[in-house]
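A.B. asks: based on what follows, work out the 3D shape:
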Amino acid sequence: MRLILLGPPGAGKGTQAQRLVHKHDLIQLSTGEMLRAAVAAQTPVGLQAKDIMASGSLVPDEIVIGIISDRLDQPDMKNGFILDGFPRTVPQAAALDELLKKKHIKLDAVIELRVNESALLDRVENRVAEMRARGEEVRIDDTPEVLSKRLASYRTLTEPLIHYYSERRKLLTVDGMMTIEHVTREINRILSAIGAVEPKASKAAAPARQAKAGARKTAKPAGKKAAKAAKTAPKAAKAASRGAKKAKKATKKTAGKTAKKVAKKPAKKAVRKVTKKRAKR
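C.D. replies: Reported below is the predicted structural model:
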């Protein structure tokens with residue numbers, strides 16, 4: 001799965017990126033971290049970036065793209081990645097598209113977390129007020145004033161990416177004003193809907209599938225036996241009927257013979273008695 005997360009500062013991109021990383025075993029790509037890692041590893045692109053970073057200047061897009069290219073070649077990228085904070089501009093997006101095309105890597109989706117800017121400012125103001133009430137130190141970059149500047153920069157530089165990716169049918173929009181849990185569920189739902197991830201079957205469903213398969217296997221022999229029995233049933237019935245008729249005939253025949261024998265015996269005795277009486281006379 002290869003994703004880009006878009007959204008203004010404070011939209012919750014970092015939180016959702018971490019959740020996707022843990023759920024789908026992805027790598028979160030941060031350009032800042034990749035730059036520092038490339039400098040530390042003294043890669044050719046890292047050495048180019050080192051002097052520029054040391055002077056406080058912005059690293060050119062071609063160097064950032066070069067660092068991303070090197071990172072995509074690492075073996076731990078096989079499950080996919082999430083780009084958070086890059087691209088920030090349309091030229092960067094076009095350069096990234098060209099890089100992915102050369103590497104035959106498909107970008108699955110660009111997820112925009114759409115939020116209400118005034119609500120974001122209210123959140124920051126409330127958070128700052130609560131921190132000050134507790135006596136905690138407020139970060140310099142975590143104030144409504146700084147957030148207002150970052151939001152203005154986002155609208156000017158990054159918001160055009162929404163149109164860029166929408167034209168390429170890669171943009172998926174999620175309501176970032178929902179709770180963190182609801183946003184997570186919605187992101188996973190739309191990723192499943194576009195086929196970026198396969199929906200996981202519940203553990204309870206596995207035994208049910210096995211039982212169903214077993215039932216089908218058992219049903220096949222049973223069905224064959226039943227069909228065979230149904231075919232042989234008429235033959236067996238005919239055989240039984242013939243046997244019954246034969247038995248009936250045999251019974252009648254035997255009974256007739258026995259009756260004749262019984263009838264003959266008294267008759268013979270009676271004839272003998274009459275003959276004897278006549279002889280005496």
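A.B. asks: for the helix or strand that contains residue 182, name the packing helices and strands.
C.D. replies: Using DSSP states H and E, the element containing residue 182 is helix 180-193. Counting by 3 or more C-beta pairs under 8 Å, 6 or more residues apart in numbering; DSSP states H and E, the packing neighbours recorded for helix 180-193 are helix 13-24, strand 109-114, strand 171-175. (C-beta placed from N, C-alpha, C; glycine too.)
A.B. asks: show me which positions of the second one end up buried.
C.D. replies: Meaning strand 109-114. By 16 or more other C-beta atoms under 10 Å, the buried positions in strand 109-114 come out as 109-113.
A.B. asks: in TSV, list the residues you listed along with distance to residue 126.
C.D. replies: Formatted as TSV, these follow (distance: C-beta to C-beta, whole Å):
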residue	distance to residue 126
109	32
110	30
111	26
112	25
113	20
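A.B. asks: picking that back up, a markdown table for the helices and strands packed on helix 180-193, including mean pLDDT and distance to residue 183?
C.D. replies: Formatted as a markdown table, those follow (pLDDT from 0 to 100; distance: least, C-beta to C-beta, whole Å):
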| stretch | mean pLDDT | distance to residue 183 |
| --- | --- | --- |
| helix 13-24 | 92 | 6 |
| strand 109-114 | 95 | 7 |
| strand 171-175 | 96 | 6 |
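A.B. asks: return the most buried member of the ones you listed.
C.D. replies: Compared across those, strand 109-114 shows the largest average neighbour count, a mean of 22 (mean count of other C-beta atoms under 10 Å).
A.B. asks: what's downstream of that one, the next helix or strand?
C.D. replies: For strand 109-114, the following helix or strand on the C-terminal side (DSSP H and E) is helix 117-133.
A.B. asks: and the helix or strand just after that next one, which residues are buried?
C.D. replies: Sequence order places helix 144-153 as the next helix or strand after helix 117-133, per DSSP H and E. Neighbour-count burial for helix 144-153, counted by 16+ other C-beta under 10 Å, picks out 147, 151.
A.B. asks: ok, now stretch 72-92?
C.D. replies: Here stretch 72-92 shows 72, 80-89, 92 as buried, counting by 16+ other C-beta under 10 Å.
A.B. asks: distance of the residue nearest to residue 194 when sequence neighbours are not counted from residue 56?
C.D. replies: Distances taken as C-beta to C-beta, 6 or more residues apart in numbering put residue 109 closest to residue 194, at 6.3 Å, once the chain neighbours are dropped. The gap separating residue 109 from residue 56 is 35 Å, by C-beta to C-beta, to the nearest Å.
A.B. asks: reformat the helices and strands packed on helix 180-193 into JSON lines and put distance to residue 97 next to each item.
C.D. replies: Shown next, in JSON lines, are those (distance: least, C-beta to C-beta, whole Å):
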{"stretch": "helix 13-24", "distance to residue 97": "20"}
{"stretch": "strand 109-114", "distance to residue 97": "11"}
{"stretch": "strand 171-175", "distance to residue 97": "14"}
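A.B. asks: circling back to that earlier point, any buried residues in the helix holding residue 182, and which?
C.D. replies: Under 16+ other C-beta under 10 Å, the buried positions of helix 180-193 are 183-184, 186-188, 191.
A.B. asks: phi first, then psi, for residue 195.
C.D. replies: Dihedral angles of residue 195 (phi, psi; degrees, to the nearest 10) stand at phi 80, psi 10.
A.B. asks: if I pick it, what's in contact with it?
C.D. replies: Listed by C-beta atoms under 8 Å, 6 or more residues apart in numbering, residue 195 has no contact partners.
A.B. asks: confidence score at it?
C.D. replies: pLDDT for residue 195: 88.
A.B. asks: now the spatially closest residue to residue 155 that is not a sequence neighbour: how far from residue 124?
C.D. replies: Among residues not flanking residue 155 along the chain, residue 8 sits closest, at 7.9 Å (C-beta to C-beta, 6+ apart). Distance of residue 8 to residue 124, computed by C-beta to C-beta: 12 Å.
A.B. asks: show me which of those two is the more surrounded one.
C.D. replies: Counting neighbours by other C-beta atoms under 10 Å for residue 8 and for residue 124 shows that residue 8 has the greater number, 23 against 19.
A.B. asks: helix, strand, or coil at the more buried one?
C.D. replies: Following DSSP: H, G, I helix; E, B strand; the rest coil, the label given to residue 8 is coil.
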